[in-house]
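# Predicted model follows, preceded by the sequence.
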Amino acid sequence: MASKKKAENEHTPEGEDHVNPPKKQKKGHVIEIDPIFAVSRSDFLSIIQNLVGNYPNIRSANLSSDCDFSSLPKDIDVEMLIEVIESVGAACVFHGDFDVRRYGLECWKIALLLREAFAIPKTALYQSKWEKLALRNKREFQTVAELEQLLRQRRTHWTVQAYFLGRRTLEKHNCFPSGCIIFNMYNFASHIWNHRPIAKNQPRCFAVTMFLIELFGKKEYLQQFIRNPTWCSDIGHWTFCELFNTLGDPTWTGLDVTEQNAVLTFDNLMETLGFCFLYQVNVHDMASLDEIKINEEWTIQSKADKLEDISNLILVILKLLVSIPKSKSESKRLKSKLAIYINIFELKRVSQKPNLLLRVCTSHQGTPNEFKLIKLLLKAGADPNAVDQQRCSPLHLLAKSEHLSSHSWSNPSYSTRAENFTAIVRVIFDGRFHQDQVNLSGQSALECLKPLSSYPDAELSRLVGNFSQGVRPLSCIAAKEVRRHQLPCECLPVTLQSMVLQH
């Protein structure tokens, strides 16, 4: 899962309107409110057009930061006027150059003075935990002094205020979130992601990503991004890619840092896992999509690549989940969520496309947490008979890994790994394991275990011996006979044909 080159602010989601930016104002910053003025996004344009259409007197209202508000038309709706001015300012800050952004701040100043003159306070906006963490508990400015401080701050601080003001208007008109807000917050996130290599910034990157995903989850925007990836430059998928790059960054591996523990909690990781499951299931159900090149910055990934990327991300999250301390009830929650995922997604897995269990076993290094994850997947219902392109099952792969480590068997410290491996074999034997299943080399998993006769844990040999002498399932005997005698099976269901080939 490669890191995505970030888009700059001049990129616009396909299908949205472009309007000429506002002209630089002369000294005094006199503002004439116009429905087309300073707006470069179709949803902002639509809202402002509706506001101005309902209140035509706004169109002719000339305002400046030192104007006399008593000159306003008597029948004008001041709250509506404030919304229009704040929305114009937000559009300028989101999309303009420095001079245009300064003009946007002037719009906000006028709106603030209007609020003070007509005693119209700002209502406090509710902030979710991810929003608070991502925005570092920033609040919307309330005074002219606070607003003027923005001039000495970085652009990201301006963007946060544009988000607050845009959100306020959009929520009032039941339009939050909008494509414009999401796209601009993605650009905001990209500035944070660019500093990800600094380990102390990793918790912020995680929080910003989760805040963005939280926005996707409202008004079914995530499904729109999946079904129409060109609509907003595939930012849904690239956000999940950035989540992988954040959680998988080797500079952020310790779990004993206070700031890390603040975000890498069991509940937060479970919430993240839920988002990933939702995304993968929706991608799986979408029509096939070939890779599309939009421009030098943006590429729409194919469906197969997206499924591969999200599987890798899920694996990273699961490894984090098994590595952190959990209560019994939390362990049950994790197993239950994983079981649901396996039943609704992995059982639809295309033949010879690795499931999570195969992925763990393929990259197996023998660490205790890997064994914990393998056992968790098996207990949650992962198929122990799933095969890769070489028709190797999880037990084939694990046996090979143990055999390659035979030079360390005499080391006393290897005993823990040997006990863990034996425990995994016991779980596999107690499940739906097909002992006659063979890989492309014609080897069964039991045959791969034979070189382990001198294995440090003597219990393994007893397990294999007892299992070999046990009663084979009738389905395995039938499949093996069909294959040995090359009986025709073209008319059988695909799953049964696959079973015959694997015996």
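Received the coordinates, thanks.

# in stretch 94-113, what counts as buried?
94-96, 100-113 (16 or more other C-beta atoms under 10 Å). For the C-beta atoms, the positions are set from N, CA and C on the backbone; glycine is no exception.

# Please enumerate residues in contact with the strand or helix carrying N466?
For N466, the enclosing helix or strand under DSSP states H and E is helix 459-468. Helix 459-468 has contacts (C-beta atoms under 8 Å, 6 or more residues apart in numbering) with A418, F421, T422, V425, R426, F429, Q435, L446, L449, L452, S453, Y455.

# Cross the buried residues of stretch 94-113 against helices and list the overlap.
94-95, 100-113 (DSSP state H).

# of all the residues you listed, which two lie farthest apart?
Farthest pair in these (C-beta to C-beta) is H95 and L113. Separation: 24.2 Å.

# ok, of the contacts of helix 459-468, which come out buried?
A418, F421, T422, V425, F429, Q435, L446, L449, L452, Y455.

# nearest spatial neighbour of the fifth one, skipping sequence neighbours?
Nearest residue to F429 in three dimensions, chain neighbours excluded: F467, at 5.0 Å (C-beta to C-beta, 6 or more residues apart in numbering).

# Let me know the pLDDT of the most centrally placed residue in the chain.
Residue closest to the average C-alpha location in the chain (C-alpha atoms, centre = their mean): F240, at 3.2 Å. Residue-level confidence at F240 comes out at 95, pLDDT.

# again with H237
93.

# isn't it right up against S302?
No. H237 is beyond contact range of S302, at 10.5 Å (criterion: C-beta atoms under 8 Å).

# buried sites along the helix holding N466?
By neighbour count on 16+ other C-beta under 10 Å, the buried set for helix 459-468 is L460, S461, L463, V464, F467.

# Next: stretch 166-175.
For stretch 166-175, by 16+ other C-beta under 10 Å, it's G166, R167, R168, T169, L170, C175.

# same deal with stretch 208-221?
V208, T209, M210, F211, L212, I213, E214, L215, F216, Y221.

# Check the gap between T422 and S415 for me.
Note on T422: its distance to S415, by C-beta to C-beta, to the nearest Å, is 10 Å.

# Quick check: neighbours shared by the two?
Listed as contacting both T422 and S415 by C-beta under 8 Å, 6+ apart are D457.

# could you measure P451 against L460, distance?
12 Å.

# I meant T272, not that one.
For T272 relative to L460 (C-beta to C-beta), the value is 36 Å.

# now T362
Using C-beta to C-beta, we find T362 at a distance of 21 Å from L460.

# now swap in T251 and tell me
38 Å.

# Check I344 too.
From I344 to L460 the distance is 35 Å (C-beta to C-beta).

# same question, M270
Applying C-beta to C-beta to M270 and L460 gives a distance of 34 Å.

# Repeat that for H195.
Taken as C-beta to C-beta, the span from H195 to L460 is 48 Å.

# Q142 now?
In this view, Q142 and L460 are 69 Å apart by C-beta to C-beta.

# where do the helices sit along the stretch 151-300 of the chain?
Along the stretch 151-300 of the chain, counting by DSSP state H, counting those that start in this stretch, helices occupy 155-172, 179-193, 202-216, 221-227, 235-247, 258-263, 266-285.

# can you list those helices in JSON lines and add distance to K129?
Shown next, in JSON lines, are the helices of the stretch 151-300 of the chain (distance: least, C-beta to C-beta, whole Å):
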{"stretch": "helix 155-172", "distance to K129": "17"}
{"stretch": "helix 179-193", "distance to K129": "16"}
{"stretch": "helix 202-216", "distance to K129": "9"}
{"stretch": "helix 221-227", "distance to K129": "19"}
{"stretch": "helix 235-247", "distance to K129": "17"}
{"stretch": "helix 258-263", "distance to K129": "10"}
{"stretch": "helix 266-285", "distance to K129": "8"}
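
# which stretch in these is the model least sure about?
Out of those, helix 258-263 stands lowest, with a mean of 65 (criterion: mean pLDDT).

# rewinding a little: give me the distance between the residue nearest to F429 and Y455.
Distance of F467 to Y455, given as C-beta to C-beta: 15 Å.

# and stretch 231-239, how far out from the chain's middle?
When C-alpha coordinates are averaged (C-alpha atoms, centre = their mean, to the nearest Å), stretch 231-239 and its chain have centres 11 Å apart.

# and if you look at stretch 198-206?
For stretch 198-206, the distance to the chain centre is 16 Å (C-alpha atoms, centre = their mean).

# Same question for stretch 262-278.
10 Å.

# CA-only coordinates of that stretch in CSV, if you can.
Extracted C-alpha coordinates of stretch 262-278, given in CSV (Å, rounded to 0.1, in the frame of the first residue of the first chain):
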residue,chain,number,x,y,z
ALA,A,262,-4.5,8.3,24.2
VAL,A,263,-5.5,7.2,20.7
LEU,A,264,-4.5,3.6,20.4
THR,A,265,-7.1,2.3,22.9
PHE,A,266,-9.2,-0.8,22.4
ASP,A,267,-12.4,1.1,21.7
ASN,A,268,-10.7,3.5,19.1
LEU,A,269,-9.1,0.6,17.3
MET,A,270,-12.4,-1.3,17.3
GLU,A,271,-14.1,1.7,15.8
THR,A,272,-11.4,1.9,13.2
LEU,A,273,-11.8,-1.8,12.4
GLY,A,274,-15.5,-1.3,11.9
PHE,A,275,-14.9,1.5,9.4
CYS,A,276,-12.5,-0.7,7.5
PHE,A,277,-14.9,-3.7,7.4
LEU,A,278,-17.7,-1.3,6.1
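
# Spatially nearest residue to T272 (excluding sequence neighbours)?
Using C-beta to C-beta, 6+ apart, the closest residue to T272 is I317 (5.8 Å).
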